[in-house]
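Colleague: sequence and predicted structure are below.
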Amino acid sequence: MGLFRRNRDAQGFYRGDAPVSAPGMDGAAPSAYSGQAFDDHESHAPTATDAADAGTWSPGSVGSVGASGWAPTDVPDGGYSAGRFGQPSAPPGSPSYIAPGMQPRTMPPGMPGMPGMPGMPPPTMSNMFTSSAYTSSSGMTPQAQAAIRMALNQRPRAARAGGIIIVAVLLFVLIPVGIAVYFGMQAATSAISGVEGLQDLQPDVVPDARHQGVTTAGEPVAVSFDGANFEVTVFGATSQPGDGWGYARAGSDPMLVVDAQISRTDAGTDPVRFLGWNWSVVGSKGERVMGDIITNYLPDLDGPKLVGGQTLRGFVTFSTAVTHTSLTVASGPASAGLATWQLSAATPKAVDGVIGEPAQPEISRPGFTVTIGEPGIALKKDKRIGYYPKSGRYLVLPVKFTGVAGTQGHIGNVDSKAFVFTPAGAPALFPTFGGVTDAFSFVSIDASTPETGFLAFDTTATSGTLQLRDGADRLVVNWQISAG
């Protein structure tokens with residue numbers, strides 16, 4: 001097109017470019033321009049140069065009158081013509097004079113708004129390639145017009161075809177990758193399942209041995225795993241109102257505490273651990289509840305390492321409120337059961353202690369026993385008195401704490417205010433620290449050595465009830481006191 005190219009005629013003169021809105025092709029005179037003269041001279045016969053310079057707005061040939069009645073015009077020799085460059089179009093000084101090198105521009109016939117001229121519809125995108133009034137003047141052949149229409153019609157199809165090709169390529173690449181990932185994961189899962197199954201069936205290449213027959217509370221059952229042989233005995237269970245001694249608080253969650261014993265019956269010297277999660281019970285909603293890894297009920301039976309000939313007894317705890325359930329022991333948390341017991345848990349009660357005998361609390365189940373010795377009276381002249389009693393004397397009670405079998409190291413603290421004395425018909429009293437020699441404020445208990453001390457109550461009463469209470473203020477042990 002003539003947007004960027006400058007058009008020149010045979011003499012080398014610039015002929016101007018067609019406006020953007022008007023059809024025209026490079027190398028031909030812009031069809032928007034007319035060679036109509038501005039004077040009334042009679043037209044002469046067109047020449048080849050005239051035909052090249054003049055554009056027609058009708059299908060007629062050069063020099064002929066078109067359908068609109070317009071034709072390129074020129075003047076005889078010696079006249080003035082507006083259709084040639086380099087010649088004046090009128091005598092200098094006349095109103096029609098056009099300077100050399102300039103060419104008059106006239107509107108093509110038939111444009112709207114020009115009275116007296118045949119009408120022609122303005123060009124639009126829809127009729128640009130269909131209206132005969134424009135196709136004839138565009139200089140395009142019917143074949144060229146058909147090629148343009150075909151190209152315009154084919155572009156959306158080509159775009160759609162390109163999109164389909166891209167999608168097909170992506171599917172071709174992604175589908176095989178997805179299939180490969182799927183089968184790879186399936187193979188890995190199968191391999192892991194196979195290894196786990198092999199470990200369950202043959203830990204350390206020695207198959208687990210399940211107890212055959214009925215499992216009865218109090219009777220040992222033989223099981224084997226990890227290449228070791230065991231006898232497991234379950235004595236019973238209690239449904240505790242909360243956590244163990246020293247950790248019990250008001251409103252704490254209930255616990256199922258199982259009293260059990262494990263004996264290793266083979267002669268192996270390599271220790272085998274018996275973890276809390278080797279045990280499980282069925283919870284209140286049918287779920288599997290594993291044994292606690294850490295327990296505050298002493299002695300605990302969580303995680304002991306046993307060699308041949310060793311026997312341990314203690315408590316396995318479960319964080320559940322169930323009282324009737326099935327207890328299972330297995331070689332691991334995900335393994336099949338080796339032995340199963342049906343449990344009916346008892347409800348722990350406060351223990352009635354006897355003067356001079358060790359008392360083992362059931363509630364909170366501490367790892368020690370408590371023994372209350374014979375009560376005595378300390379008068380104000382007694383050399384043991386540290387602080388003068390308001391009542392004039394003290395009721396003195398000897399106390400002894402002893403670790404139970406199976407406990408080791410530190411097994412708990414006892415504050416003197418865990419003991420409460422209630423005289424008949426009188427308010428409860430707490431011990432007076434320092435009231436007498438060795439009257440303790442609290443005592444730290446070690447399993448290896450018993451701890452002893454005294455409780456001193458500032459009262460004139462010689463009889464009443466002594467209570468031991470836990471951290472949740474629950475009665476654990478009570479004694480009937482009577483001083484002679």
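Modeller: It's in.
Colleague: ok, the nearest residue to Phe225 once chain neighbours are set aside - how many residues close by?
Modeller: Leaving aside its sequence neighbours, Phe225 sits nearest to Ser331 (Cβ to Cβ, 6 or more residues apart in numbering; 3.5 Å). For every residue, glycine as well, the C-beta is placed using N, CA and C. Using other Cβ atoms under 10 Å, Ser331 has 21 neighbouring residues.
Colleague: Arg393 versus Ser331, what's the distance?
Modeller: 63 Å (Cβ to Cβ, to the nearest Å).
Colleague: lowest-pLDDT helix or strand in this protein?
Modeller: Least confident helix or strand of the chain, by mean pLDDT, DSSP states H and E, is helix 132-135 with a mean of 41.
Colleague: who's the nearest residue to Leu306 once chain neighbours are set aside bridged to?
Modeller: Here the nearest residue to Leu306 in space, its sequence neighbours aside, is Arg264; by Cβ to Cβ, 6+ apart that works out to 4.2 Å. As for beta bridges, Arg264 partners with Phe230 under DSSP bridges.
Colleague: so where is the stretch 351-484 of the chain shaky, pLDDT-wise?
Modeller: Low-confidence segments of the stretch 351-484 of the chain (pLDDT under 70): none present.
Colleague: residues touching the host helix or strand of Ser444, excluding its own?
Modeller: Taking DSSP states H and E as the definition, Ser444 sits inside strand 442-446. Contacts to strand 442-446, defined as Cβ atoms under 8 Å, 6 or more residues apart in numbering, come from residues 368, 401, 403, 409-416, 451, 453.
Colleague: hmm, back to that, quick check: the residue nearest to Phe225 vs Glu219, distance?
Modeller: Ser331 is 21 Å from Glu219, by Cβ to Cβ.
Colleague: do Asp458 as well
Modeller: Separation of Asp458 from Glu219 (Cβ to Cβ) stands at 53 Å.
Colleague: could you do Gly314 as well?
Modeller: 18 Å.
Colleague: which of those two has more neighbours?
Modeller: Neighbour count, other Cβ under 10 Å: between Gly314 and Glu219, Gly314 has more, with 23 against 12.
Colleague: so that one sits right up against Gln408, yeah?
Modeller: No - Gly314 is beyond contact range of Gln408, at 11.0 Å (criterion: Cβ atoms under 8 Å).
Colleague: count of neighbours near the closest residue to Leu379 other than its chain neighbours?
Modeller: Using Cβ to Cβ, 6+ apart and skipping the chain neighbours, the partner closest in space to Leu379 is Arg393 (5.0 Å). Arg393 has 20 neighbours, counted by other Cβ under 10 Å.
Colleague: hmm, Arg393 is touching Gly376, no?
Modeller: No - here Arg393 lies out of contact with Gly376, judged by Cβ under 8 Å, at a distance of 10.3 Å.
Colleague: give me the common contacts of those two.
Modeller: Overlap of the contact sets of Arg393 and Gly376 (by Cβ under 8 Å, 6+ apart) is empty.
Colleague: one step back: what is the nearest of the contacts of strand 442-446 to Ser344?
Modeller: Using Cβ to Cβ, Phe368 is the member of the contacts of strand 442-446 that lies nearest Ser344, at 27.8 Å.
Colleague: can you pull the contacts of that closest one?
Modeller: 401-404, 407, 411-412, 445, 447.
Colleague: run through the strands of the stretch 251-400 of the chain in chain order.
Modeller: Assigned by DSSP state E, counting those that start in this stretch, the strands in the stretch 251-400 of the chain fall at 255-264, 272-273, 279-282, 288-290, 305-306, 311-318, 324-330, 337-344, 351-352, 368-372, 376-379, 393-403.
Colleague: now do the buried residues in stretch 325-337.
Modeller: Of the residues in stretch 325-337, those buried under the neighbour-count criterion (16 or more other Cβ atoms under 10 Å) are 325, 327-332, 335, 337.
Colleague: contacts for it, please.
Modeller: Applying Cβ under 8 Å, 6+ apart, the external contacts of stretch 325-337 come out as 196, 200, 203, 208, 210, 223, 225-226, 232, 234, 237, 256, 258, 277-283, 290, 338-343, 345.
Colleague: now do that stretch, average pLDDT.
Modeller: The average of the pLDDT scores along stretch 325-337 is 88.
Colleague: separation between Glu374 and Phe454?
Modeller: Glu374 sits 12 Å away from Phe454, going by Cβ to Cβ.
Colleague: hmm, I was thinking of Tyr394
Modeller: On the measure of Cβ to Cβ, Tyr394 and Phe454 end up 9 Å apart.
Colleague: the two - which one has more neighbours?
Modeller: Remark: of Tyr394 and Phe454, Tyr394 carries more neighbours, 29 against 21, as counted by other Cβ under 10 Å.
Colleague: just list the residues touching the more buried one, thanks.
Modeller: 377-378, 382, 385, 432, 435-436, 456-459.
Colleague: hmm, which of those are the buried ones?
Modeller: Neighbour-count burial (16+ other Cβ under 10 Å) applied to the contacts of Tyr394 gives 378, 385, 432, 435-436, 456-459.
Colleague: can you select the buried ones from the contacts of stretch 325-337 in ChimeraX?
Modeller: Remark: buried members of the contacts of stretch 325-337, expressed as a ChimeraX selection using 16+ other Cβ under 10 Å:
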select :200,203,208,210,223,225,226,232,234,237,256,258,278,279,280,281,282,283,338,339,340,341,343,345
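Colleague: now Ala146, what's its secondary structure?
Modeller: Each residue gets one of three states, and Ala146 gets helix by DSSP: H, G, I helix; E, B strand; the rest coil.
Colleague: check it and give its pLDDT.
Modeller: For Ala146, the pLDDT comes out at 71.
Colleague: report how many residues lie close to it.
Modeller: 12.
Colleague: next one: Arg249
Modeller: If we define neighbours as other Cβ under 10 Å, then Arg249 has 11 of them.
Colleague: wait, doesn't it sit right on Ala472?
Modeller: Yes - at 5.5 Å, Arg249 counts as touching Ala472 under the criterion of Cβ under 8 Å.
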